[in-house]
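# Quick one: sequence plus predicted model below, questions after.
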Amino acid sequence: MRGRRWRVVVLGLALVYFLVPLLSAAEFSLRIPGGGYGVANYLTIFGDEVLLSSLLVSLQIAVVTAVLVLLLVVPTAVWVRLRFPAAAALLESATILPIVVPPVVMAAGIAFVQANLGGPVFRTLFASSFTALTPFYVVLALPFAYRAVDNGLAAVPLRTLVEAARNLGASLPVALWRVVLPAIRSAVLGAAFLTLALVLGEIVIARILLYGDTFPVAIVEVGRSQAGVAVALTLASLVLTWLLLLAVSFAGSSRRSTP
């Protein structure tokens with residue numbers, strides 16, 4: 001009985017800790033400058049072409065980054081588990097490096113390259129935020145995506161699935177596409193979701209490299225003059241993230257319940 005009371009107390013404190021700031025932010029985002037409450041701040045989001053264009057740019061970067069990360073992580077994780085399981089520890093250590101190196105340090109190094117190295121390759125790379133930020137966001141997302149995919153592979157009999165597919169005449173790419181990927185679909189979706197969330201929330205590299213057409217930078221710029229709109233944007237982004245998380249969870253649960 002005493003343990004149950006403590007659980008209720010801890011749960012209540014956690015709810016207060018998380019819900020009070022969210023409710024306060026929601027109340028602030030609904031305030032109207034002249035007094036009273038309304039949804040004017042949220043309507044401003046849909047009427048601001050700068051915000052919508054920055055959101056579109058960030059979504060494009062996020063989708064391409066997620067695709068590139070999955071193309072790198074999934075075949076590599078499967079190959080290591082099947083052919084070189086002894087190299088798994090080395091690969092895990094390598095994927096942790098982007099977490100060890102702070103984004104500010106990485107952005108400072110990228111800014112030095114941007115300012116001092118010329119040539120057609122670097123000019124093309126830094127010509128737009130899409131080409132400049134995508135490769136570095138891929139590096140930042142690798143640790144999270146690799147861990148999610150590796151956990152998914154650890155939960156399925158990978159070698160048995162691949163050998164069964166190969167015995168039935170499938171090549172290794174076909175086995176990976178038609179057998180392994182459906183088995184780890186929830187893990188792959190989780191990795192994609194983590195990548196999307198990282199790109200939609202990363203501001204350090206974009207800010208230091210002076211790319212102001214991304215969504216996180218646009219939120220900061222709007223917040224300087226329109227605090228209510230900035231808070232509304234933040235809440236809308238949070239709701240979008242929750243919806244994506246629910247979609248990933250639903251996809252994974254529906255896959256497990258399929259006979």
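Perfect, I can see it now.

# Would you check that V162 makes contact with L172?
Yes - contact criterion C-beta atoms under 8 Å: V162 and L172 qualify, at 7.3 Å. Heads up, the C-betas are built off the backbone N, CA and C, glycines and all.

# how about the helices in this protein?
All helices of the chain, identified by DSSP state H, fall at 2-29, 40-47, 49-83, 88-100, 103-116, 120-125, 129-154, 158-167, 172-175, 181-183, 185-201, 204-208, 215-225, 227-257.

# As a markdown table, these with mean neighbour count and mean pLDDT would be great.
What follows is the helices of the chain, written out as a markdown table (neighbours: other C-beta atoms under 10 Å; pLDDT from 0 to 100):
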| stretch | mean neighbour count | mean pLDDT |
| --- | --- | --- |
| helix 2-29 | 10 | 86 |
| helix 40-47 | 14 | 82 |
| helix 49-83 | 18 | 89 |
| helix 88-100 | 13 | 80 |
| helix 103-116 | 14 | 82 |
| helix 120-125 | 12 | 79 |
| helix 129-154 | 20 | 90 |
| helix 158-167 | 14 | 88 |
| helix 172-175 | 14 | 86 |
| helix 181-183 | 15 | 88 |
| helix 185-201 | 22 | 87 |
| helix 204-208 | 19 | 86 |
| helix 215-225 | 17 | 82 |
| helix 227-257 | 15 | 74 |
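
# Which residues are in contact with F46?
L52 (C-beta atoms under 8 Å, 6 or more residues apart in numbering).

# switch the cut-off to 10 Å
By C-beta atoms under 10 Å, 6 or more residues apart in numbering, F46 lies in contact with L52, A236.

# Distance of it relative to S93?
Applying C-beta to C-beta, to the nearest Å, the value for F46 to S93 is 46 Å.

# same check, this time on S186
Taking C-beta to C-beta, one finds S186 at 26 Å from S93.

# Thank you kindly, that will do.
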